[in-house]
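Asks: show me the folded form of this:
(4 chains)
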2 protein chains.
Amino acid sequence: MTTRRDAVHDTLRQSEGFRSAQDVYAEMRLHGAKIGLTTVYRALQALADGGQVDVLRTDDGESVYRACATDTHHHHLVCRRCGRTVEVAGPAVERWAEAVGSEHGFTEITHTVEVFGTCASCSPARVG
Amino acid sequence: MTTRRDAVHDTLRQSEGFRSAQDVYAEMRLHGAKIGLTTVYRALQALADGGQVDVLRTDDGESVYRACATDTHHHHLVCRRCGRTVEVAGPAVERWAEAVGSEHGFTEITHTVEVFGTCASCSPARVG
DNA sequence: GCCAAAATGAAAATGGTTGTCAAAATCCTC
DNA sequence: GAGGATTTTGACAACCATTTTCATTTTGGC
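Replies: Next up is the predicted model:
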């Protein structure tokens, strides 16, 4: 058996960064794995559910997964002109979110943070 | 009617938080506006493109828009079960966003923060 | 008024993700 | 080890937000 989940997890481990479910599926097929798309999705979800992989959404709304290597949670700084994205860490925000949540009796707190700005390359350029 | 874009922008201004394109569309129709879903999408994109509205993705991968408020800036703490919303201020976050932005050479920094959690009334203990 | 460019919108297409459900694999019980 | 319950799997359809298409309408200039 070796549940397909392990295979999926394995494939993800072999990848450097984040991969979409479709990517993982395609790669597994390339390697000759006999697996269905549905199963890949389910495996990924289960893995994410169990905390074995990290999930995040791309700007396209696509979910991408990464084998849990660095559990460093981070956010994105996005240039509103060129769309360039920089990954940023924000321990202060994490703490703030937690604090604000429990302060109001909320539990299982998660948060979404998006920082928009105009990057250096676009800033000096004339606007409009 | 000059451009439907103004109508869309207007509708968005009347909303407190983030609204999905579909929401905006539904609301406009309720108000009797004669507009198509396609146009709402296009207007929202143009608005976002011009920096008149902020965009972000929900956990569902749905795009939500908010008119650029220059008023009192605050964030929302949303219960993922009952949808209850609490407005919260986060000076620490504001500073963090600014710092992180300029640290990477970004200017005109804005940010969106949404905190999700389970409120006291919907505590996990009751989940069955 | 007329023509050209832009805007509009209804419907169809797109595409990632989820649901369905029957078949196959696995586990448990005897 | 056999038999049946349970879980997993996967092909395919269903979903649904978003995008594209394309013909029609509106806007603007002359």
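Asks: how many other residues sit next to A:Ala92?
Replies: Per other Cβ atoms under 10 Å in any protein chain shown, the neighbour tally for A:Ala92 reads 16. Backbone N, C-alpha and C define where each C-beta goes, glycine included.
Asks: how about A:Leu47, phi and psi?
Replies: Here is the backbone geometry of A:Leu47 (degrees, to the nearest 10): phi -60, psi -40.
Asks: show me the contacts for it.
Replies: A:Arg5, A:Val8, A:His9, A:Leu12, A:Val53, A:Tyr65 (Cβ atoms under 8 Å, 6 or more residues apart in numbering or on different chains).
Asks: just those residues: which are in strands?
Replies: Within those, residues falling in strands by DSSP state E are A:Val53, A:Tyr65.
Asks: show me the two of the contacts of A:Leu47 that sit farthest apart.
Replies: A:Arg5 and A:Tyr65 (12.5 Å; Cβ to Cβ).
Asks: between the two, who's got more neighbours?
Replies: Taking neighbours as other Cβ under 10 Å, A:Arg5 and A:Tyr65 compare with A:Tyr65 leading, 26 against 17.
Asks: residue contacts, the more buried one?
Replies: Contacts of A:Tyr65 by Cβ under 8 Å, 6+ apart are A:Leu12, A:Phe18, A:Arg19, A:Ser20, A:Ala21, A:Val24, A:Leu44, A:Leu47, A:Ala48, A:Val53, A:Asp54, A:Val55.
Asks: need those in a markdown table with pLDDT, can you?
Replies: Below are the contacts of A:Tyr65 laid out as a markdown table (pLDDT from 0 to 100):
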| residue | pLDDT |
| --- | --- |
| A:Leu12 | 87 |
| A:Phe18 | 78 |
| A:Arg19 | 87 |
| A:Ser20 | 90 |
| A:Ala21 | 92 |
| A:Val24 | 93 |
| A:Leu44 | 93 |
| A:Leu47 | 88 |
| A:Ala48 | 85 |
| A:Val53 | 83 |
| A:Asp54 | 75 |
| A:Val55 | 78 |
